[in-house]
Every structure is written in structure tokens, then in C-alpha cells.
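**Student:** Coordinates only, no sequence provided:
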């Protein structure tokens, strides 16, 4: 990634990493790093979702908390920034629309969507996956515990596949440990752990 925080002014190769980030963890940061190294990205833009279509709205921590944790996690990450595009009123809900909205705001950039290998199985069911590949591109990073076999299709053959991710961390695991009052500092950046503790997030009463 770029040695400077945030995004370059314009005309850059930008990775876009979306998700609930509930909470953001070290695995997210490592996926961004591997994608950036593999595709010579100038920066990675993290896009927290307002409410993913596959999750109930009340199953997520409040948007303000997820955004605050993400901003804290990226404070010292070179070449990383947060986009609120999906949190804005009437913001996009599908990946292709999010990428197109970011492209409209940064017309000179070359965008690449970053995802995990497990999500490649669902790629044909996404809204306009061909449009994502035609206008932007996809970088898929492996995940421990997910088979090396990548589903063969005309779509997945056009994705950049990245191996070498050693971190088997999930937000579900972190929420479970926090709910049981177990340490999570080895799984999330220090400032995120401090925020979760101070706000009492993921505790049974929260």
C-alpha cells in the first residue's frame, strides 16, 4: 500500500473491501494487505455496510459503533481509508452499485473489489457480476479452512486469486468471546478492543 494514510488524490489503483465489520479485525487488515501486494494497489477503501441483504437489521451493532471501530483500526494503516457511501441515506446496497458510486466520485481511479474465496461460490448470483468484472475487477483472497478448489466458471476465471492468508479470524468468533468476557486483543487492533470494552459491545445486556 501507499506509505501515506488515506487515499491518493486521483488516478490510483484502489481496492474496495466491503463488509459488516462487526467488528473489524486483524484478518480484515491482512486480507487488504495481501490484495494490495498482489495487485500493486495504491490504497484500500473499506466500505461498511448499512445492513447486508443476508442479515437481519437488528443482528448488527449500530452503524455508528461499527464505523467508529473501523476508523480506529485504520488510523495507523498506511494507504487505507473508510467510505461511508453505503451508510448514506438511500445509499447503494449491491456491490456493483457501490463500486459504480465510488467510481463516479473518483472517476480517474482503477477499482478492484476484494473478497474471500468462499464468496466466489455465490458470485454468479450477485447483481450484474459481469458488470463488476467489466468495469472494475475482482481480487479473491483465500481463507484458512476454505477448500482450495475455486468453482470454475467464466466469471471466476476472470478474478485474480491470491493465496497465503494464514489468519483464521471471524467477527462471529470475536463477538462470542466478548459475550463470554474472554480476551480479544489478539484478534482485533488495540484501539478496537478498547472501544468494544468501553462501549460494552457484544455483551448479553448490550
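**Tutor:** Sure, I can see it. The shown structure was predicted, so the numbers you read here are calculated from the model rather than taken from an experiment. Residues are numbered from 1 along each chain as shown.

**Student:** and residue 136, how many neighbours?
**Tutor:** 20 (other CB atoms under 10 Å). Where C-beta positions appear, they are placed from N, C-alpha and C, glycine not excepted.

**Student:** Strand partners (parallel or antiparallel) of the lowest-mean-pLDDT helix or strand in the chain?
**Tutor:** Across the helices and strands of the chain, mean pLDDT, DSSP states H and E gives its lowest value to strand 160-162, namely a mean of 92. Using DSSP bridges, strand 160-162 pairs in its sheet with strand 138-141 (parallel).

**Student:** mean confidence for the partner strand?
**Tutor:** Mean pLDDT, strand 138-141: 95.

**Student:** In the least confident helix or strand of the chain, which residues are buried?
**Tutor:** 161, 162 (16 or more other CB atoms under 10 Å).

**Student:** List of residues touching that strand?
**Tutor:** Outside strand 160-162, the residues that touch it by CB atoms under 8 Å, 6 or more residues apart in numbering are 34-35, 38-39, 112, 117, 137-142, 150.

**Student:** centre of the chain versus whichever helix or strand comes after it, how much separation?
**Tutor:** Where DSSP states H and E defines the elements, the next helix or strand beyond strand 160-162 is helix 171-179. Relative to its chain's centre, helix 171-179 lies at 18 Å (CA atoms, centre = their mean, to the nearest Å).

**Student:** now swap in stretch 158-174 and tell me
**Tutor:** For stretch 158-174, the distance to the chain centre is 11 Å (CA atoms, centre = their mean).

**Student:** Can you give me the first-to-last residue distance of it?
**Tutor:** 33 Å (CA to CA, to the nearest Å).

**Student:** Tell me the buried residues in the lengthiest helix in the chain?
**Tutor:** The longest helix of the chain (DSSP state H) is helix 26-39. For helix 26-39, the neighbour count (16+ other CB under 10 Å) marks 26-36, 38-39 as buried.

**Student:** in the protein, which spans are strands?
**Tutor:** Counting by DSSP state E, the chain has strands at residues 13-19, 43-48, 80-82, 110-116, 138-141, 160-162.

**Student:** Out of those strands, the one nearest residue 101 is which?
**Tutor:** Closest of the strands of the chain to residue 101 is strand 43-48, at 9.8 Å (criterion: CB to CB).

**Student:** So which elements touch that closest one?
**Tutor:** Applying 3 or more CB pairs under 8 Å, 6 or more residues apart in numbering; DSSP states H and E, we find strand 43-48 packed against strand 13-19, helix 26-39, helix 63-74, strand 80-82, helix 95-105.

**Student:** List the contacts of the fourth one.
**Tutor:** By CB under 8 Å, 6+ apart, the residues outside strand 80-82 that reach it are 1, 5-7, 29, 32, 43-48, 67, 70-71, 74.

**Student:** can you tell me which two in the residues you listed are farthest apart?
**Tutor:** 1 and 67, at 20.9 Å, using CB to CB across the contacts of strand 80-82.

**Student:** filter the contacts of strand 80-82 to the buried ones?
**Tutor:** 1, 7, 29, 32, 43-48, 67, 70-71, 74.

**Student:** Show me the shaky parts of the chain.
**Tutor:** 1-6, 51-58, 145-152, 205-206 (pLDDT under 70).
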